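1. predicted model and sequence follow; I will ask about them next.
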Amino acid sequence: MAHQLFFACLMLATGIGIPVMAALSATLGSTSGSPAFAACILFFVALLISIIFLFVVEGGLKPIPTLSLPFYFYLGGAFVAFYVLSVTWVAPQFGVGNAVAFVLLGQLISMATIDQFGLLGAPMHTITLQRVLGLILMSIGVFLAVRRG
């Protein structure tokens, strides 16, 4: 139970960080005139932090397992790059709140699909009526949050 609370708090903090990251990248991108430059700075800082984490927390490199995973399991970085470049380019024109709200809606659709079918090695969690209602209410919430007037 303590692990579940820790994980929930960690993911809550992660969720709080996403709009902050979007706002920082959007401002850097619009100020510099280049969303790609802002993304490069973001990824450079992320790489440095990841390397520090690798050596300080995990104790350095371990032997790389000889897993024969399909190539698409290595494409997570492509989705991160797509997100960062998209939000950095769109947020200054569309608003950070609007951009992140529609990202949230996309996450709801994607997570429900991945869970329902156990895609990409994720555990399968069948969509129940309660879960459908929750997703509908969250989707309505996204639209209400971005509606002006």
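-> In hand now; what should we look at?

2. low pLDDT regions in this structure?
-> The model of the chain has pLDDT under 70 over residues 66, 149.

3. and G59, helix, strand or coil?
-> At G59, secondary structure determined by DSSP: H, G, I helix; E, B strand; the rest coil is coil.

4. ok, it - how many residues close by?
-> G59 has 8 neighbours, counted by other Cβ atoms under 10 Å. From N, CA and C alone the C-beta is placed, and that goes for glycine too.

5. same thing with F44?
-> Counted with other Cβ under 10 Å, the neighbours of F44 add up to 10.

6. show me what contacts it?
-> With contact set as Cβ atoms under 8 Å, 6 or more residues apart in numbering, F44 has no partners.

7. mind telling me what element it is part of?
-> helix 35-56 (DSSP states H and E).

8. can you list the buried residues in that helix?
-> For helix 35-56, a neighbour-count test (16 or more other Cβ atoms under 10 Å) marks P35, A38, A39, I41, L42 as buried.

9. what residues of the longest helix seen in the chain count as buried?
-> The residue-count maximum for a helix in the chain (DSSP state H) belongs to helix 2-32. Residues I18, P19, M21, A22, A23, L24, S25, A26, L28, G29, S30 are the ones in helix 2-32 that count as buried (16+ other Cβ under 10 Å).

10. can you list those in JSON lines and add distance to V103?
-> Below are the buried residues of helix 2-32 laid out as JSON lines (distance: Cβ to Cβ, whole Å):
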{"residue": "I18", "distance to V103": "8"}
{"residue": "P19", "distance to V103": "9"}
{"residue": "M21", "distance to V103": "11"}
{"residue": "A22", "distance to V103": "8"}
{"residue": "A23", "distance to V103": "13"}
{"residue": "L24", "distance to V103": "15"}
{"residue": "S25", "distance to V103": "13"}
{"residue": "A26", "distance to V103": "13"}
{"residue": "L28", "distance to V103": "18"}
{"residue": "G29", "distance to V103": "16"}
{"residue": "S30", "distance to V103": "18"}
